[in-house]
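1. pasting the sequence and the predicted coordinates here, then a few questions.
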Amino acid sequence: MSGAVGEGAPWQTHTVFNQVPPLEGLDVFSSNLPLVEAVQREGAGWVSERAGELGRFVGGEPQQQWGRLANENKPVLRTFDRYGHRIDEVEFHPAWHQLMKMGVEHELHSLPWTSHEPFAHTARAALYMTAMQAEAGFACPITMTFAVVPALRATPDLAAEWEPLVTSTSYDPRSLPASEKGSAIAGMAMTEKQGGSDVRANTTFATPINGGGAGAEYTIVGHKWFCSAPMSDLFLVLAQTDDGLSCFLLPRILPDGTRNAFHIQRLKDKLGNHSNASSEIELHGAWARMLGEPGRGVPTIIEMVGHTRLDCVIGAAAGMRSGVVSALHHTMHRSAFGKTLIDQPLMRNVLADLCLESEATTALAMRLARAYDEAHADAEAGEDQSDAQLFKRLATAVGKFWSCKRAPNHAFESLECLGGAGYVEESGMPRLYREAPLASIWEGSGNVMSLDVLRALTRSPRSLEVFLYEVKQAQGANVQLDASVAKLEQQFTDPATLEQRARRVVESMALCLQGSLLVRSAPAAVADAFCAARLGGDGGLEYGTLPAATDFEGIIARSQPPA
């Protein structure tokens, strides 16, 4: 109903009502009950207070301003200075640097490598999932800096030089030698125009300067089709040698302060991830040192790739949580047809389904992070084929495939809960939607990850036994889960068609694992609804198709932000 026009405000035609208040000041960790519980369950309870402090900080300026500003003001490439000197600099909005500073100071890039507390990977996963709710783009260089450490350790001399720099808790974006700054951000450059995921098709070539070999100096000539975060201080680069494809550590600024022959040709104009610079580069005799052994480039860099895939799963969970919070907040405060949206039966079905997906992905991400802690402990003890290591290897590929595949439609459905308001940039939902497909492409698309699961099973057949042992920890607690696990085992009885069926098999593995985790740890309302809809066939192809008997209120209450 229109309100009376005030004499002092002749431009007013009505009184504004039924609008959703801004979502401000939310502790994005403590309000995330599935994550809070997972931190305790997976052994990293010591980080809870610290994560709460970060959650309160992220819910302020980072979430309200920094993420938006960093995306609205995209990075700009400055190839030359005003005098015509080649500089290859990328300018970022100050909000980007604030996000990077936040990530580094809270040790999102370093905690497992520097902390002596138990389950440091798990603790970091909680911090990372919390911080990413401000903005996903800055997480790319944070992840690569985190993931570079196990690869560096392939050559102890290089690790001794660079690991203290990449684990430093200071952030300095200046183009100076890393040793002078006392810190470093890491990137990678693997793919080329002619190969993409097939990195063995690379044509970039490295020539030794003084004999060659692990740790030796080389010059590199070639191009890279996708180099993320080109303003990083060091990069892992794949290049051919006489011994085959090898891995190299390439600094952007040389020790004497001059610029390496690392030239940015252009920045990518991407669907999303606008705050982060991604580029095409050419190397015109760039100086680098070999990391790992000659001809062992893929096994060396795969240590970095594995940890980035872990972060893809954690990032998918973070994006889903952001979508759930926005959808719940909007529907709690918006009315239609005589009721708040959240009290409408069909909307409750949609919201509960979104909450289920978010909680299942959070549980998977945190269990996977614990596997990294356990696998690292086994490696320190001299084991290389322990159950934890086999589970980590297989479950990473399974988890990345499924979690990242589910993210885009989850973001879309969350956006739709806001109606037309969700389709405009001010809501933040279009940014979330554009970001959602990235993790499924980065570090291995759906087919690559499905085939990687088969590769892991071929190389270590006991991996399947270990995976199923984990899943069967919930045996007997839910008949739909038990039936699905039995069907899953049958899917491996026809190896001749396994590659054609790989996506279906990996999907089943992921759903059984998520179902098992929820049956063991979540309330019955959550576990029963997940197993009924995802495993028992009592759900549709879209969100919002849970069985009518579902405890919608109980599921929603676990994920609902404070009013």
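-> Thanks, I have it. Residues are numbered from 1 along each chain as shown.
2. is His284 in a bridge, and if so with what?
-> Per DSSP bridges, the residues bridged to His284 are Val221.
3. hmm, it is touching Thr219, no?
-> No. Using C-beta atoms under 8 Å, His284 is not in contact with Thr219, being 9.2 Å away. Every residue, glycine included, has its C-beta placed from N, CA and C.
4. of those two, who's got more company?
-> Thr219 (17 against 13; other C-beta atoms under 10 Å).
5. isn't that one right next to Arg289, touching?
-> No. If you go by C-beta under 8 Å, Thr219 and Arg289 don't touch, sitting 11.0 Å apart.
6. residue contacts, Gln64?
-> Glu24 (C-beta atoms under 8 Å, 6 or more residues apart in numbering).
7. out of everything not next to it in sequence, what's closest to Ala532?
-> The shortest distance from Ala532 to any non-neighbouring residue, by C-beta to C-beta, 6 or more residues apart in numbering, is to Asp538 (4.4 Å).
8. SS state for that neighbour?
-> coil (DSSP: H, G, I helix; E, B strand; the rest coil).
9. burial count for it?
-> Neighbours of Asp538 (other C-beta under 10 Å): 17.
10. now do Glu91
-> So Glu91, with other C-beta under 10 Å, has 13 neighbours.
11. now do the contacts for the nearest residue to it once chain neighbours are set aside.
-> Excluding its sequence neighbours, the residue lying closest to Glu91 (C-beta to C-beta, 6+ apart) is Val76, at 4.7 Å. By C-beta under 8 Å, 6+ apart, the contact set of Val76 is Val90, Glu91, Leu267.
12. could you measure from the closest residue to Lys181 other than its chain neighbours over to Thr143?
-> Spatial nearest neighbour of Lys181, excluding adjacent residues (C-beta to C-beta, 6+ apart): Asp172 at 4.3 Å. Separation of Asp172 from Thr143 (C-beta to C-beta, to the nearest Å) stands at 19 Å.
13. looking at those two, which is more packed in?
-> Applying other C-beta under 10 Å to Asp172 and Thr143 shows that Thr143 carries more neighbours, namely 29 against 19.
14. A strand includes the more buried one, no?
-> No. Using three-state DSSP, the assignment for Thr143 is helix, not a strand.
15. name the SS class of the residue nearest to Lys181, please.
-> coil.
16. mind checking the backbone torsions on it?
-> Here is the backbone geometry of Asp172 (degrees, to the nearest 10): phi -140, psi 110.
17. same question for the one 5 residues further on.
-> Recorded main-chain torsions at Pro177 are phi -60, psi 140, according to degrees, to the nearest 10.
18. repeat for Glu359
-> Here the main-chain torsion angles of Glu359 (degrees, to the nearest 10) amount to phi -70, psi -40.
19. count the residues that sit near it.
-> 32.
20. likewise the one 5 residues further on?
-> Residue crowding around Leu364 was assessed by other C-beta under 10 Å; the count is 25.
21. repeat for Ala496
-> By other C-beta under 10 Å, 6 other residues sit near Ala496.
22. that one and Ile142: what is the separation?
-> 43 Å.
23. quick one: contacts for the nearest residue to Lys487 once chain neighbours are set aside?
-> Closest residue in space to Lys487, ignoring its immediate chain neighbours: Ser508 at 7.1 Å, by C-beta to C-beta, 6+ apart. Each residue near Ser508 by C-beta under 8 Å, 6+ apart is listed here: Ser484, Lys487, Leu488, Gln491.
24. name the nearest residue to the last one, ignoring sequence neighbours.
-> What sits nearest to Gln491 in space, not counting adjacent residues and going by C-beta to C-beta, 6+ apart, is Val505, at 5.0 Å.
25. what about the one you found, is that helix, strand or coil?
-> helix.
26. and it, what's its pLDDT?
-> Looking at Val505, its pLDDT stands at 98.
27. all further residue positions should be reported with the first residue as 215.
-> Let's use 215 as the start, then, which means that last one is Val719.
28. so it sits against Gln704, correct?
-> No. Using C-beta under 8 Å, Val719 is not in contact with Gln704, being 10.5 Å away.
29. tell me which of these two has more neighbours.
-> Neighbours per residue (other C-beta under 10 Å) separate Val719 from Gln704, with Val719 holding more: 19 against 10.
30. how much space separates the more buried one from Leu712?
-> Using C-beta to C-beta, we find Val719 at a distance of 7 Å from Leu712.
31. overlap in contacts, the two.
-> Here Val719 and Leu712 have Phe706 as joint contacts, going by C-beta under 8 Å, 6+ apart.
32. can you give me the strands in the stretch 315-464 of the chain?
-> Counting by DSSP state E, counting those that start in this stretch, one finds strands in the stretch 315-464 of the chain at the ranges 400-403, 419-422, 431-442, 448-455, 458-465.
33. out of these, which one sits most buried?
-> Among those, strand 400-403 has the highest mean neighbour count (mean count of other C-beta atoms under 10 Å), at a mean of 27.
34. what helices and strands are in contact with that one?
-> Contact here means 3 or more C-beta pairs under 8 Å, 6 or more residues apart in numbering; DSSP states H and E; on that basis strand 400-403 packs against helix 353-366, strand 431-442, strand 448-455.
35. which of the residues in the longest one are buried?
-> Taking 16 or more other C-beta atoms under 10 Å as the neighbour-count basis, helix 353-366 is seen to contain the buried residues 353-366.
36. just to revisit the earlier point, how about the contacts of Val290 in JSON lines, adding pLDDT?
-> Shown next, in JSON lines, are the contacts of Val290 (pLDDT from 0 to 100):
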{"residue": "Val304", "pLDDT": "98"}
{"residue": "Glu305", "pLDDT": "98"}
{"residue": "Leu481", "pLDDT": "98"}
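37. how far away from the center of its chain is the strand or helix carrying Val612?
-> If you go by DSSP states H and E, Val612 is part of helix 601-630. Mean-position distance between helix 601-630 and its chain equals 10 Å (C-alpha atoms, centre = their mean, to the nearest Å).
38. other SSEs contacting the following helix or strand past that helix?
-> Sequence order places helix 643-649 as the next helix or strand after helix 601-630, per DSSP H and E. Judged by 3+ C-beta pairs under 8 Å, 6+ apart, the packing partners of helix 643-649 are helix 281-286, helix 511-547, helix 601-630.
39. in contact with the residue nearest to Lys395, which residues?
-> Shown in contact with Asp386 (C-beta under 8 Å, 6+ apart): Lys395, Gly396, Ser397.
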